[in-house]
Every structure is written in C-alpha cells, then in structure tokens.
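Chemist: Build me a model:
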Amino acid sequence: MITGIFKILVGDKLITYTNYNDIPESFDNVIEFLPNYPPGPHTEDEHEYMDTYNSFLQDLLKRETNASSN
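Modeler: Residues are numbered from 1 along each chain as shown. Prediction:
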C-alpha cells in the first residue's frame, strides 16, 4: 500500500488522498503525486519498492478523464 499526498481534481474540487487505494477509478486530473519514502538508509527491498512508485503514477495518469493533450 502506498501512502503519501495525492491531490486529484474532480470537477472543480481539489481532493487530497493519503492512501493510494482510496483514489477513484476516474477523475479529471492528477495535481500532485507525493508518495511517502521510508527513512534512509534504505535496504535493497525498500529501493525495489520505491522503484515501483513511477508505475503507480503512470496508472493514475491513465485514469485521468480530462488530461491535457500537449
């Protein structure tokens, strides 16, 4: 489970989630993606887990219903 600060725009409302699993399946835009990182020094397992954060961000970007086409 990823925790952190995840700000999502739904219509004209900015909603902040602290648990990635609570984010809805569709929304307008990702505003902020700031996962919590464990305090260092990091173990190899922690590094491997932190390396997955980008895939979670990419998943959120695919869920956007109002993404900019720039």
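Chemist: And for the closest residue to Asn66 other than its chain neighbours, the neighbour number?
Modeler: In this structure, Asn66 finds its nearest non-sequential neighbour in Asp28, 3.9 Å apart by C-beta to C-beta, 6 or more residues apart in numbering. (Glycine included, C-beta is placed from N, CA and C.) Asp28 has 16 neighbours, counted by other C-beta atoms under 10 Å.
Chemist: So what does Asp28 have for phi and psi?
Modeler: phi -80, psi -60 (degrees, to the nearest 10).
Chemist: so it touches Ile15, yeah?
Modeler: No. Counting by C-beta atoms under 8 Å, Asp28 sits too far from Ile15 to count as a contact (10.4 Å).
Chemist: overlap in contacts of those two?
Modeler: Taking C-beta atoms under 8 Å, 6 or more residues apart in numbering as the contact rule, Asp28 and Ile15 both touch Ile8, Leu9.
Chemist: what secondary structure does the residue most central in space within the chain sit in?
Modeler: Taking C-alpha atoms, centre = their mean as the criterion, Phe33 is the residue nearest the geometric centre of the chain, at 4.4 Å. For Phe33, the assignment made with DSSP: H, G, I helix; E, B strand; the rest coil gives strand.
Chemist: tell me the contacts of it?
Modeler: By C-beta under 8 Å, 6+ apart, the residues touching Phe33 are Gly4, Phe6, Phe56, Leu57, Leu60.
Chemist: mind redoing it with 6 Å?
Modeler: Residues in contact with Phe33 (C-beta atoms under 6 Å, 6 or more residues apart in numbering) are Phe6, Leu57.
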